[in-house]
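Participant: sequence and predicted structure below; questions after.
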Amino acid sequence: MKQWLPFELHCHTFHSDGKQSLMELAEAAKALGLRGVALTDHNTMTGLSNRDEVVAATGVEVIVGLEWTTFFGHMLTLGLTEYVDWRNLSPFHIHRGIEGVHRQGGLVGVAHPFRVGSPMCTGCFWEFEVSDWNDIDYIEVWSGLFPSIRRNNSRALAMWTDLLNRGHRIAATSGRDWHVSDPVSEPISATYLGIRDTVISSSGLAMAALDALKRGAVAVSMGPLPQLSVSTEGCEKADIGDKVKLNPGQLTEITVGVDFSARTGYWELPDHALDMKLVSNKGQLDSIKLTRDLPKVCRALDLTDVQWLRAEMHGVFCNVSTMIGFTNAIYFS
């Protein structure tokens, strides 16, 4: 069995430049309907000293991490067992640091790659030379509050799409870059992770969350949860993040849906239909209208030459016509 749980994967405390303790962060996350957070303080892990106490007191999972904050870009590192030094990384040697994270079984993600850089935000713009994008586990394509209307996030989404078109399997996430637990008027987005119950029972929720992120079982939304799956004529089923074999010329059943119960009460939508766009390396393949009364639709499409497919959820949110959320890709061979 699999359950989709909402996380915030980019957070700071006063151990770097945040203005909150880990306990305050977890309590604020719980108040927003989030199941877990990743603590990614800048170049330090000292804020995790009372992690177990915070998890026990709040019920909010805390994923161990830190954010490499350099002059050439910011990289999120999750699932570490010990500190990985970043100070010997030149613009051409980012893979040296990535190897250190992967040796520990951790994951690396590019943070806010197109945010304005120095001098406004030192190193926030990504300038590291990536010689092999297969080494990158995920990209933070949505950053900040109300992320869908930010131009730098549109560039990040386009970069992720280009990498998918080039054959890379890279996950896409949202990151609030959370520094203060004060209430906000702008909407937040959550990164939903498709967590396998078997991994939770054997390794705990934090490891199950990292397992989902590594597999690309990820969806992102400011509102309800977008859903996507496919079934081939051979009855092989694939969910978000999976890879499935197709027979050219045969129809593939695609199921696209919206889970309106996800984080219910923490967002509002007008009583309008949501436009679910099926996007691939061949462009947009279809557009499906979904409502609370019709939350799921199946379509049979010829996916010949389609290498990947994702669903994008568009509608009116906070009085703006915008993308509200998206799934990660299903891959085809």
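Facilitator: Here it is on my side, so go on.
Participant: use CA for all of it now, contacts and neighbours both
Facilitator: Will do.
Participant: enumerate every residue touching the residue lying closest to Leu285 once chain neighbours are set aside.
Facilitator: Excluding the flanking residues, the one nearest Leu285 by CA to CA, 6 or more residues apart in numbering is Leu278, at 5.5 Å. Counting by CA atoms under 8 Å, 6 or more residues apart in numbering, Leu278 makes contact with Gln284, Leu285, Asp286, Ser287, Leu309, Arg310, Ala311, Glu312.
Participant: want to throw these into CSV with neighbour count, pLDDT and distance to Gly216?
Facilitator: Formatted as CSV, those follow (neighbours: other CA atoms under 10 Å; pLDDT from 0 to 100; distance: CA to CA, whole Å):
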residue, neighbour count, pLDDT, distance to Gly216
Gln284, 14, 97, 21
Leu285, 15, 97, 21
Asp286, 13, 96, 23
Ser287, 15, 97, 23
Leu309, 27, 98, 13
Arg310, 25, 98, 12
Ala311, 29, 98, 14
Glu312, 24, 98, 16
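Participant: look at the residue nearest to Leu285 and give its secondary structure.
Facilitator: strand (DSSP: H, G, I helix; E, B strand; the rest coil).
Participant: hang on, Ile330 packs against Ala311?
Facilitator: No. In this structure Ile330 lies outside contact range of Ala311 using CA atoms under 8 Å: 9.6 Å.
Participant: for Gly33, see how far away the residue lying farthest from the centre of the chain is.
Facilitator: Distance from the C-alpha centroid of the chain peaks at Gly249, with 32.6 Å (CA atoms, centre = their mean). Separation of Gly249 from Gly33 (CA to CA, to the nearest Å) stands at 44 Å.
Participant: could you do Gly106 as well?
Facilitator: Counting by CA to CA - Gly106 and Gly33 are separated by 26 Å.
Participant: those two: which is more packed in?
Facilitator: Gly106 (22 against 18; other CA atoms under 10 Å).
Participant: now the more buried one: closest residue in space that isn't a chain neighbour?
Facilitator: Closest to Gly106 by CA to CA, 6+ apart is Gly79, at 4.5 Å.
Participant: now the strands for the stretch 101-250 of the chain?
Facilitator: With strands called from DSSP state E, counting those that start in this stretch, the stretch 101-250 of the chain shows them at 107-110, 138-143, 171-175, 190-196, 218-221, 225-231, 237-239, 243-244.
Participant: adjacent strands (with direction) for the fourth one?
Facilitator: In this case it means strand 190-196. The strands that strand 190-196 pairs with in its sheet are strand 2-11 (antiparallel), strand 218-221 (antiparallel) (by DSSP bridges).
Participant: send the alpha carbons of the first one over as PDB?
Facilitator: What follows is the C-alpha trace of strand 2-11 in PDB, where atoms were taken according to Å, rounded to 0.1, in the frame of the first residue of the first chain:
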ATOM      1  CA  LYS A   2       1.000   3.600  -0.600                       C
ATOM      2  CA  GLN A   3      -0.100   6.800   1.000                       C
ATOM      3  CA  TRP A   4       0.500  10.400  -0.200                       C
ATOM      4  CA  LEU A   5       1.700  12.600   2.700                       C
ATOM      5  CA  PRO A   6       2.500  16.400   2.500                       C
ATOM      6  CA  PHE A   7       6.000  17.600   3.400                       C
ATOM      7  CA  GLU A   8       8.000  20.900   3.400                       C
ATOM      8  CA  LEU A   9      11.500  20.000   2.300                       C
ATOM      9  CA  HIS A  10      13.300  23.400   2.700                       C
ATOM     10  CA  CYS A  11      13.400  24.900   6.200                       C
END
